[in-house]
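> let me see the structure of the following:
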Amino acid sequence: DIEKSFNNLKIKIKNEPHNLKAWSAFIFSYNYFSDFNQKKYLYYTKQFYKKLKEFDSKQLVPLKTNVSKKIKIGFLTPHFTGNSIDPFLLSVVKNIDRENFETFGFNLNISNDQSDHLKPFFDEWHHVNKYNDLELTNYIREKSLDILIDLVGHGPGNRLNVLKQRVAKKQVSWLGYCNSTGLSEIDYIISDKYLIYENEDSQYSEKIFKIKSIWNSHIGHNTSLTINDLPYFKNNYFTFGSFNNFKKISEKTINIWSKILDNSNSKLILKSSIGNSSEARQFILKKFPKKFHSENKIIFMEGQMDKNEHLKKYNLVDLSLDTFPYNGVTTSFESIWMGVPILTIKGNNFISRCGESIINNLGLNEFISKNEEEYILKAIDFNKNPEKLNILRKNLRSMAIKTPLFQSKEYCKNFEKAINYISEKIV
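Okay, the predicted model is just below:
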């Protein structure tokens, strides 16, 4: 229960005002709220910022200047573990120009085969989970980075207090967290034109760098995975699906989905890779109208499974429904890869416009709804036109591969341009 968790954390930070983990968890959980407000969110991050420690300069290693011609880029996260960021991060570290860029992985997780699987794609790999904030600050400063990219934001395991000390000439937020950190020491957040509008810069503590086309690109999945015909023709009912984290299924999302299910001959498959316990399922189910229970309108699916088996489950879905205000990202790319388009809704900040950016870059604007009412009407309309969806299903992967969503080499070139600009170093 996000709301209950949020309120408990609110009490915790009141009683323990310098508990940075509690503050970040509080801020992170607010992103899931149906009545999310970006200005209120930024206020919370500014309060968090005031609690960060500033180390005595005498304890700190001086920030070193990189004298080599290559731009040194560090990536900091506890999530080099087969996490959802991997296929997007690989778009950069697999394709980056090694003659002009040098990459450093700073792994905040324990060392094992899973957390080290990306190690071969970096020029240097450092396990840093054992260091406290002061030690880690000095350790990274010794590497004379031009840019440090934070991949976690206010997510679990973050080390934002280290970034407060400035460990690189420029510091950037990208990929792992789709909102502002609140830190003035993080110079840029990488976005795109669909995510943050021209008049909204003041709602983020970082400068906005709008990369060409899309803020991140996926390296792609197994191309041999078969895409089946629309399951509607076999089932004689329409199947909506959401494979998003259950935390993203807000009260507002459930209310809208309920109206769709109530006005169509349809069912809804829910699948989450985390928090997929029987208790979590029951908690979600209770939020839907009781009549849906007896009609078996809501179908839960096991979350943890082999990646290919997971992707094959999209063959059971006619149309994916995006969550809001916290949109899907990894699951949206998966769904498209398996021929299943996503119906999304226009949002009001970075985190609630990810679907809008993905669908715009895919070139299927009819799957973007202007508001909740249109979202419902579009879902019902697609339900009534299965032939149209089936034609799209057969061509969607081949079409998507040619778009910025999966053009990872082209994306990497745009990423390099962004790094050149941000670093103010000409290569």
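
> for L261, give its distance to T253.
For L261, the distance to T253 equals 12 Å [C-beta to C-beta, to the nearest Å]. For the C-beta atoms, the positions are set from N, CA and C on the backbone; glycine is no exception.

> no no, N8
From N8 to T253 the distance is 22 Å (C-beta to C-beta).

> which of these two has more neighbours?
Neighbours around N8 and T253, counted as other C-beta atoms under 10 Å, are more numerous at T253. The numbers are 24 against 14.

> pLDDT at the more buried one, what is it?
T253 is assigned 98 on the pLDDT scale.

> the strands in this structure, which residues?
71-77, 101-107, 124-127, 147-150, 170-173, 188-191, 207-210, 238-242, 266-271, 298-301, 319-321, 342-345, 368-369 (DSSP state E).

> now mean pLDDT too, for the ones you listed, in CSV please.
Shown next, in CSV, are the strands of the chain (pLDDT from 0 to 100):
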stretch, mean pLDDT
strand 71-77, 98
strand 101-107, 98
strand 124-127, 97
strand 147-150, 98
strand 170-173, 98
strand 188-191, 98
strand 207-210, 98
strand 238-242, 98
strand 266-271, 98
strand 298-301, 96
strand 319-321, 98
strand 342-345, 98
strand 368-369, 98
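
> nearest to S335, of those strands?
strand 319-321 (4.3 Å; C-beta to C-beta).

> neighbouring strands of the closest one in the sheet, and parallel or not?
strand 238-242 (parallel), strand 342-345 (parallel) (DSSP bridges).

> out of the ones you listed, deepest packed?
strand 342-345 (a mean of 25; mean count of other C-beta atoms under 10 Å).

> any idea how far that strand is from the chain center?
Centroid separation for strand 342-345 versus its chain: 16 Å, with C-alpha atoms, centre = their mean, to the nearest Å.

> now do stretch 325-332
From the chain centre to the centre of stretch 325-332 is a distance of 7 Å (C-alpha atoms, centre = their mean).

> also stretch 360-368?
19 Å.

> go on, stretch 56-74?
Worked out by C-alpha atoms, centre = their mean, stretch 56-74 lies 29 Å from the chain centre.

> who touches that stretch?
Contact with stretch 56-74 is made by 99-106, 134, 137-138, 140-149, 165-169, 419-420, 423, 425, 427, as judged by C-beta atoms under 8 Å, 6 or more residues apart in numbering.

> which of those residues count as buried?
101-106, 134, 137-138, 140-141, 143, 145-149, 165-169, 419-420, 423, 425 (16 or more other C-beta atoms under 10 Å).

> so what's N263 closest to, chain neighbours aside?
I380 (5.6 Å; C-beta to C-beta, 6 or more residues apart in numbering).

> can you give me the distance of that neighbour to L261?
10 Å.

> shared neighbours of the two, anything?
Going by C-beta under 8 Å, 6+ apart, no residue sits against I380 while also sitting against L261.

> ok, S408 touching I96?
No - between S408 and I96 no contact is recorded; they are 10.8 Å apart, counting by C-beta atoms under 8 Å.

> any idea of the mean pLDDT in stretch 51-64?
96.

> now the terminal residues of it, how far apart.
Using C-alpha to C-alpha, to the nearest Å, the span of stretch 51-64 from its first residue to its last is 27 Å.

> so how far is it off the chain centroid?
For stretch 51-64, the distance to the chain centre is 31 Å (C-alpha atoms, centre = their mean).

> nothing else from me, thank you.
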